[in-house]
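# Have a look at this fold, sequence not included:
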């Protein structure tokens, strides 16, 4: 999950956020960007490419915090626009029901999801994206994978914190498990 | 639910369909056409208007049979195109999971759903429609209602066979229950 | 939603919780306790009865905060035991997917849900309860209602903060909307 | 899927069923029997063991046809009792919403599911089973597997018609994907 750059904007000081991260579960959203054909069959999954300071390649879902006073669907749109650019044309789901929730714990092994910084509970949604994606911020690129590729060990091992598992759950939910 | 005009095309003779309707539950799809704003909030629900031989007004969801060898998502698209015209631009859900199922029994009262012709089990989906709708066949018009109007007694009493209940379940599912 | 008595236990001081409530959405769970027959048909819904200092009667779902380091299913069980007693035998859902989420805002009207104290986002689950319920803490009683009674204006107007709406969504989800 | 022994009871002659199987999609239910701990975490999945005339071992979900005039939840219970015996104590889901649908086509490759006899559309449910299971009919045994074992290639290759995929979808839905 991306670092909270919005804290820099003054909504919450980094010190306050640090404190709260040790006291409360933090509410997140995870979005799985997908391309679908005209019959609604998912053909591709989009993953953000990041390269760490040490050159490590990692791939990630669109993910981020829900702010105070912000609706979940607005948080989804904000993070999608932040990560995919202004013309990605994401279609936020009509139902607020997530396809699953991911409970990221600071201690590995409690659940399949892990975030060393905090206890985060994420509402996970599948979001069809119809437009052009131009990743911004710290992501280098957005790459599209077929369901088979996305579930392959090669891609799975480039995903961290259990997001590979979450991606496979999304594929199962749309009937594209392999 | 509309009469099976496709039987005229020879896929199944009317006699065969009649026989089977007394022996097997028939698989249907129900689609609730909706308009949503850019944040994914459902703003309107579309209902087909029909006028009976006796002048009775009734309103209906898009509904119809799944054919032998046809995928559920293809049946959904076929009925949406048949009832809303070729430029309605429906977006079939990515997940095959229906938001509920409706079990229409020939005997009223077994479930909230009733179809005097048959025992039909319908997979129900909410389908955003972005384009222009031009009802064809036996429907006179497609009218858009706000969630409040759609759940009102006036509209509810114009729906038959329990489709008013199914419509309220759809509104509940998208968080627009009133 | 009930006041956070667990803060008294020292997990979070009342001052800290107050501060955080102004800065972050707080993660909650809502549980709708139900009785079902042997075929899985929901026959009754359980509501907590509370009497305010001014004598006002109100009815509520089982509801409460998810603590730091606590899994959602453990939070559900803790609040169910706190509100229904130790021999209620609740059956926590196998899937972590809530049937919906309820976004309680401090400002009324943003969503159907309202909590003057905070911005809370609640994961809502339906929980069959097989044993005997003995409400504890600040609840006077747990009363069982048929789906028809639960959706009636009389019961609905005794529910606050939008929980009446959430209850109707639960009834719709189990096919008992009326 | 098991052969329709109920046809022998006269509800539908084998000839009639054969005819209909070439003309209509046949409505099925698939049940994934599971054991869960007291917190609702799925610990085991139950699979029926069958040995073919040629000695081939295969493993299967509980599966069968919905009869004319039968509610889906009654069909689920009937097949569970038929396959697991009278004291299995299955808990049929409260919501009629299946976790997914499986479209079995007579032609392989249209979907992940395949049934050479027919086009069947199956509503799939996860069913916790609390009692003792004593398989009857043509099943030799019911064996319990951990989620890891159930998703392993060894077990997956003993499942036919795409039921291995359906099983993995069930595991993903309850958060036990591996």
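Nice, thanks for sending it over. The model shown is predicted, which means the values in this text are computed figures rather than measured ones.
# just the helices in chain A please.
For chain A, the helices defined by DSSP state H occupy A:14-21, A:72-84, A:147-151, A:153-156, A:163-173.
# Tell me which residue in chain A sits closest to chain D.
Closest residue of chain A to chain D, Cβ to the nearest Cβ: residue A:172 (3.5 Å). (C-beta placed from N, C-alpha, C; glycine too.)
# What are the phi and psi values at residue A:118?
Main-chain torsions, residue A:118, degrees, to the nearest 10: phi -170, psi 170.
# Could you show which parts of chain A are in contact with chain D?
Applying Cβ under 8 Å from any Cβ of the partner chain, we find that chain A lies next to chain D at A:100, A:111, A:112, A:165, A:168, A:169, A:172, A:173, A:175, A:177.
# Give me the contacts around stretch A:127-134.
Outside of stretch A:127-134, the residues that reach it under the criterion Cβ atoms under 8 Å, 6 or more residues apart in numbering or on different chains are A:31-36, A:46, A:62, A:76, A:80, A:84-85, A:87-93, A:142, B:91, B:94.
# Give me the average confidence score over that stretch.
Across stretch A:127-134, pLDDT averages out at 94.
# Going by neighbour count, list what's buried in it.
A:127, A:128, A:129, A:133 (16 or more other Cβ atoms under 10 Å in any protein chain shown).
# if you skip the residues just before and after it, what's nearest to the second one?
On the basis of Cβ to Cβ, 6 or more residues apart in numbering or on different chains, the spatially nearest residue to residue A:128 that is not a chain neighbour turns out to be residue A:91, at 4.9 Å.
# Let me know the pLDDT of that neighbour.
Residue A:91 is assigned a pLDDT of 96 by the prediction.
# Count residues in the vicinity of it, would you?
Residue A:91: 19 surrounding residues under other Cβ atoms under 10 Å in any protein chain shown.
# now the nearest residue to residue A:123 once chain neighbours are set aside: how far from residue B:83?
In space, and not counting its chain neighbours, residue A:123 is closest to residue A:98: 4.1 Å by Cβ to Cβ, 6+ apart. According to Cβ to Cβ, to the nearest Å, residue A:98 stands 31 Å off from residue B:83.
# if you count what's nearby, which of the two comes out ahead?
Neighbours per residue (other Cβ under 10 Å) separate residue A:98 from residue B:83, with residue B:83 holding more: 27 against 22.
# out of the buried residues of stretch A:127-134, which are inside strands?
Of these, the ones assigned to strands by DSSP state E are A:127, A:128.
# nearest to residue B:153, of the helices of chain A?
helix A:72-84 (30.0 Å; Cβ to Cβ).
# For the closest one, what does the pLDDT average out to?
The average pLDDT for helix A:72-84 rounds to 96.
# try stretch A:157-174
Rounded mean pLDDT across stretch A:157-174 is 97.
# Could you do stretch A:61-68 as well?
pLDDT averaged over stretch A:61-68 gives 96.
# Show me how far that stretch is from its chain's centre.
How far stretch A:61-68 lies from its chain's middle: 8 Å, per Cα atoms, centre = their mean, to the nearest Å.
# List, one by one, the residues from chain A near chain B.
Selection of chain A residues close to chain B by Cβ under 8 Å from any Cβ yields A:34, A:36, A:39-42, A:71, A:73-74, A:77, A:91-97, A:99, A:126, A:128, A:173-175.
# Going by neighbour count, which of those residues are buried?
With neighbours counted using 16+ other Cβ under 10 Å, the residues of chain A next to chain B contain these buried positions: A:34, A:36, A:40-42, A:71, A:73-74, A:77, A:91-97, A:99, A:126, A:128, A:173-175.
# residues near residue A:153, how many?
Residues within reach of residue A:153, counting by other Cβ under 10 Å, total 8.
# Could you check how far residue A:153 is from residue D:157?
19 Å.
# Of the buried residues of stretch A:127-134, which is the nearest to chain C?
If you rank the buried residues of stretch A:127-134 by distance to chain C using Cβ to the nearest Cβ, residue A:127 comes first, at 16.2 Å.
# So in terms of bridging, what pairs with the closest one?
residue A:33 (DSSP bridges).
# which bits of chain A sit near chain C?
Residues of chain A that fall close to chain C, judged by Cβ under 8 Å from any Cβ: A:12, A:16, A:20, A:22-27, A:66-72, A:95-101, A:103, A:105, A:110-111, A:119, A:121, A:123.
# What's the ChimeraX line that selects buried ones from those?
To isolate the buried members of the residues of chain A next to chain C in ChimeraX, using 16+ other Cβ under 10 Å:
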select /A:12,20,23,24,25,26,27,66,67,68,70,71,72,95,96,97,98,99,100,101,103,105,111,119,121,123
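# Name the nearest residue to residue A:74, sequence neighbours excluded.
Closest residue to residue A:74 in three dimensions, ignoring its sequence neighbours and counting by Cβ to Cβ, 6+ apart: residue B:39, at 6.5 Å.
# show me the contacts for that neighbour.
Residues in contact with residue B:39 (Cβ under 8 Å, 6+ apart) are A:71, A:73, A:74, A:77, A:92.
# let's see it at 10 Å
Contacts for residue B:39 (Cβ atoms under 10 Å, 6 or more residues apart in numbering or on different chains) come out as A:71, A:73, A:74, A:76, A:77, A:92.
# re earlier: and the residues of chain A next to chain D, which two are furthest apart?
Every pair of the residues of chain A next to chain D checked by Cβ to Cβ; the farthest is A:111 and A:175, at 24.4 Å.
# how close does residue A:109 get to chain C?
According to Cβ to the nearest Cβ, to the nearest Å, residue A:109 stands 12 Å off from chain C.
# quick one, what contacts that residue?
By Cβ under 10 Å, 6+ apart, the contact list for residue A:109 is empty.
# Could you list which of the contacts of stretch A:127-134 belong to strands?
Residues of the contacts of stretch A:127-134 located in strands (DSSP E): A:31, A:32, A:33, A:34, A:35, A:36, A:46, A:62, A:142.
# what residues are up against the third one?
To tie it back to what came earlier, the one meant is residue A:33. A:44-48, A:61-62, A:80, A:83-84, A:88, A:90, A:126-129, A:133, A:142, A:144.
# ok, now the second one?
For residue A:32, the residues meeting the contact criterion (Cβ under 10 Å, 6+ apart) are A:42, A:45-47, A:61-63, A:99, A:124-129, A:150, A:163, A:166-167, A:169-171, A:173-174.
# try 8 Å this time
Residues near residue A:32 by Cβ under 8 Å, 6+ apart: A:45, A:61, A:62, A:124, A:125, A:126, A:127, A:166, A:167, A:170.
# Show the contacting residues for residue A:80.
Neighbours of residue A:80 in contact, by Cβ under 8 Å, 6+ apart: A:31, A:33, A:62, A:88, A:90, A:92, A:127, A:129.
# Just give the closest residue to the first one, not the sequence neighbours.
What that stands for is residue A:31. Nearest one to residue A:31, counting by Cβ to Cβ, 6+ apart, is residue A:62 at 4.2 Å.
# Pull the number of nearby residues for the one you found.
29.
# thought it was touching residue A:28?
No - counting by Cβ atoms under 8 Å, residue A:62 does not reach residue A:28; the two are 10.8 Å apart.
# Please name the bridge partners of residue A:144.
Going by DSSP bridges, residue A:144 is paired in beta bridges with residue A:46.
# Report how many residues lie close to it.
16.
# roughly how far apart are it and residue A:36?
Using Cβ to Cβ, residue A:144 is found at 12 Å from residue A:36.
# ditto for residue A:118
From residue A:118 to residue A:36 the distance is 33 Å (Cβ to Cβ).
# ditto for residue A:108
Counting by Cβ to Cβ, the gap from residue A:108 to residue A:36 is 34 Å.
# again, but for residue A:95
According to Cβ to Cβ, residue A:95 and residue A:36 sit 17 Å apart.
# How about residue A:86?
Per Cβ to Cβ, residue A:86 is found 21 Å from residue A:36.
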